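Novice: sequence? don't have it. structure:
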């Protein structure tokens with residue numbers, strides 16, 4: 001089961017990477033109005049929500065199939081860097 005969960009996480013991570021092209025730093029922090037959230041905040045919130053959903057899922061699965069019910073899920077989101085091809 002854990003292999004399929006890891007596969008799905010990687011699949012969604014890949015889909016997220018393909019969603020938008022890399023943006024320069026000034027565009028990530030750009031706001032139309034002062035009250036708007038920049039892209040960097042929106043993406044950070046989405047990533048946090050996804051991690052929370054996975055933690056809930058794994059905790060409930062552990063309770064259902066046995067275990068202590070305490071799951072410490074730590075997902076490190078490392079941005080993939082585009083490397084130029086020579």
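Specialist: Great, that's in hand. Treat the numbers as computed from the prediction; the structure is a model and nothing was measured.

Novice: Quick check: which ranges of the protein have low pLDDT?
Specialist: Scanning the chain with the threshold set as pLDDT under 70 gives 1-2, 67-86.

Novice: try 50
Specialist: Counting by pLDDT under 50, the chain contains low-confidence ranges at 69, 71-74, 77-86.

Novice: Scan it for its longest helix.
Specialist: helix 39-65 (DSSP state H).

Novice: Secondary structure element for residue 6, which one?
Specialist: helix 2-19 (DSSP states H and E).

Novice: and that helix, what does it pack onto?
Specialist: Counting by 3 or more C-beta pairs under 8 Å, 6 or more residues apart in numbering; DSSP states H and E, the packing neighbours recorded for helix 2-19 are helix 39-65. Where C-beta positions appear, they are placed from N, C-alpha and C, glycine not excepted.

Novice: How far off centre is the helix it packs on?
Specialist: 8 Å (C-alpha atoms, centre = their mean, to the nearest Å).

Novice: now the residue nearest the centre of the chain: how far from residue 35?
Specialist: Centrality entry for the chain: nearest residue to the mean C-alpha point is residue 47, 3.5 Å, by C-alpha atoms, centre = their mean. Residue 47 is 22 Å from residue 35, where distance means C-beta to C-beta, to the nearest Å.

Novice: by contact count, what packs against the longest helix of the chain?
Specialist: Applying 3+ C-beta pairs under 8 Å, 6+ apart, one finds that helix 39-65 makes contact with helix 2-19, helix 25-28.

Novice: Figure out which of those is closest to residue 61.
Specialist: Residue 61 lies closest, by C-beta to C-beta, to one member of those: helix 2-19, at 8.5 Å.

Novice: ok now the closest one, how far from the chain's centre?
Specialist: 9 Å.

Novice: buried set for the helix holding residue 6?
Specialist: Across helix 2-19, burial judged by 16 or more other C-beta atoms under 10 Å covers residue 13.

Novice: Let me know the angle separating it from helix 39-65.
Specialist: 170 degrees (axes from the mean of the first three to the mean of the last three C-alpha atoms, to 10 degrees).

Novice: mind listing what residue 26 touches?
Specialist: By C-beta atoms under 8 Å, 6 or more residues apart in numbering, the contact list for residue 26 is empty.
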